[in-house]
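Peer 1: sequence and predicted structure below; questions after.
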Amino acid sequence: MIEFFTTLGAVVVLAVGAFVPGFVGGNAERALAERFPGTRPQVRVEADPFLELPWGHLPRVTVDLDGAEFGPLAIPDFDLEATNVRVPPGAVWGRGRPELLAPADVRVRLGGTADAWRASLARAMSGGALADMEMPKSPLGMVMGGKGDMAGLEITLEPGRLGLKAEITGKTGAKLPMSFSFAPTVSEDGRQLTMREPRVMIGNQALPAALMGLASAAPLLDLADTRLPGRDWKFTSLAVGPEGVWVEVTGVIETLSSK
């Protein structure tokens, strides 16, 4: 998960910064297409061509990067919006160094319908990053007694709950159905994504509540541990249900440097 948001940080910088110099030539779209093969990025810059653009003021920059791969899965629907982008006037037309003259607000919304996520998972399982996926060491590995394999991985979506189903094979060769689900929740300060009410079934047996409590004690993701550019990043919305999964993150960037 952290690797995903680290990559996302680079995308924010690339998407907002690549339109200068000479954004009219489609620099941003070419740069994003090169970074994410197989995608068809669409970058739109909204600015008055007489009163704003010549002065380096770009009120709104939007990026569609559907299907971009972050880690093992492709994100079906990826939208990025930057507002109040200000750069040196010359940089817009390819003269001078591109840089932000003032902080810019960024909103990233990503997700997809249930069918789109299932298609993305199927591609990852069929010759993709998850083709040889092994059973996690904990807590399932603890129950099964060691290393195991997972097959037939499926996403399950219920109101407020996200889950997975699979058939697991333990080191003894026994095959059992397994299901895992939890309620993803954003902390009050918007900085953490947590896992509430985790449930694991192996065969017809549920893992002990005490064990699952230990598994969910730590947050799934703490934005303080990621390397997103800028500051004030937080989760602003999260929706999980039979229709799909969507999450929104907002923050402020102060430089176009990815370092």
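Peer 2: Great, that's in hand. Numbers count the residues shown, from 1 in each chain.
Peer 1: V240 bridge partners, please.
Peer 2: Assessed by DSSP bridges, V240 has beta-bridge partners V245.
Peer 1: if I look at it, how far off is A217?
Peer 2: 21 Å (CB to CB, to the nearest Å). C-betas here are computed from N, CA, C, even on glycine.
Peer 1: ok, now L176?
Peer 2: For L176, the distance to A217 - CB to CB - is 26 Å.
Peer 1: and those two? Which one has more around it.
Peer 2: L176 (17 against 9; other CB atoms under 10 Å).
Peer 1: excluding sequence neighbours, find me the nearest residue to the more buried one.
Peer 2: Leaving aside its chain neighbours, L176 sits nearest to G203 (4.6 Å; criterion: CB to CB, 6 or more residues apart in numbering).
Peer 1: tell me the phi and psi of that neighbour?
Peer 2: Note on G203: backbone dihedrals following degrees, to the nearest 10 are phi 70, psi -130.
Peer 1: ditto for V12
Peer 2: Backbone torsions of V12, given as degrees, to the nearest 10, read phi -60, psi -50.
Peer 1: V11 too?
Peer 2: Dihedral angles for V11 - degrees, to the nearest 10 - are phi -70, psi -40.
Peer 1: and for it, the neighbour number?
Peer 2: 21.
Peer 1: ok, it to A124 distance?
Peer 2: From V11 to A124 the distance is 19 Å (CB to CB).
Peer 1: ok, now G160?
Peer 2: For G160, the distance to A124 - CB to CB - is 25 Å.
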